[in-house]
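*Asks:* The sequence and its predicted three-dimensional model are supplied below.
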Amino acid sequence: AQSVTQLDSQVPVFEEAPVELRCNYSSSVSVYLFWYVQYPNQGLQLLLKYLSGSTLVESINGFEAEFNKSQTSFHLRKPSVHISDTAEYFCAVSNYNTDKLIFGTGTRLQVFP
Amino acid sequence: DVKVTQSSRYLVKRTGEKVFLECVQDMDHENMFWYRQDPGLGLRLIYFSYDVKMKEKGDIPEGYSVSREKKERFSLILESASTNQTSMYLCASTVGRNNEKLFFGSGTQLSVL
């Protein structure tokens, strides 16, 4: 069975500081990994995904995540956050054997001025 | 852009009532999903459907049923609402079996009193 662990439920940071949101997964087969973002009062939106190929993937708004198979991790990073990055971030895992997308419990990123 | 529309943003019902949550997508997606989102628990899959009149149980189907009579519409039914079903309900749709990109509605906050 697959599972996703997001250890940090909340991450407070100051504007322009770097941030890392941690995600670890467990799976017995090759995985697809995703980060979704939920802005206040909105549904979830896909931020970035890893399916195959390069282990470093980037989003259009400056976030990046690196697939690390040996550490079973897919941490999300941004070198300098903005107030508008305040949101809840969900890591998710799937694979070619399953019909399901399994989500983590979410990390609330709060950026302060 | 894909649009996933959930009929109600907020809903208040009484214990024992039959509740219908409606979801419509406009991009001819085969796959549709119902999740519930609770603080500290992330998103949990209730039911999903890969085709008209087809349904499969997710991780927490108890107390729920679904209906998919038309491709664009996926309804979640609470046969007899209970207070522990108070939650945010999210509908999503996608094309393809690998769930590479889910499109989410903005959610229905259901309160059962």
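*Replies:* Nice, I can see it.
*Asks:* residues near A:E16, how many?
*Replies:* 12 (other Cβ atoms under 10 Å in any protein chain shown). Glycine gets a C-beta too; all of them are placed from N, C-alpha and C.
*Asks:* that's a helix at it, yeah?
*Replies:* No: A:E16: not assigned to a helix; according to DSSP: H, G, I helix; E, B strand; the rest coil it is coil.
*Asks:* Around chain B, pick out the residues from chain A.
*Replies:* Contact residues (Cβ under 8 Å from any Cβ of the partner chain) of chain A with chain B: A:6, A:9, A:32, A:36, A:41-46, A:49, A:51, A:90, A:94, A:96, A:99-106.
*Asks:* The residue minimising distance to the centre of chain A - nearest residue in space that isn't next to it in sequence?
*Replies:* Nearest residue to the geometric centre of chain A (Cα atoms, centre = their mean): A:W35, 3.6 Å. Residue nearest to A:W35 in three dimensions, not counting chain neighbours: A:L47, with 4.4 Å by Cβ to Cβ, 6 or more residues apart in numbering or on different chains.
*Asks:* again, but for B:Q6
*Replies:* Nearest non-adjacent residue to B:Q6 (Cβ to Cβ, 6+ apart): B:G105, at 4.0 Å.
*Asks:* just B:R14 next, same as before
*Replies:* Closest to B:R14 by Cβ to Cβ, 6+ apart is B:L113, at 5.9 Å.
*Asks:* Show me which residues of chain B are close to chain A?
*Replies:* Proximity of chain B to chain A is confined to B:4, B:33, B:35, B:40-45, B:48, B:50, B:56, B:58-59, B:90, B:92, B:97-102, B:104-107 under the rule Cβ under 8 Å from any Cβ.
*Asks:* Any of those residues buried? List them.
*Replies:* B:4, B:33, B:35, B:42-45, B:48, B:58, B:90, B:92, B:99, B:102, B:104-107 (16 or more other Cβ atoms under 10 Å in any protein chain shown).
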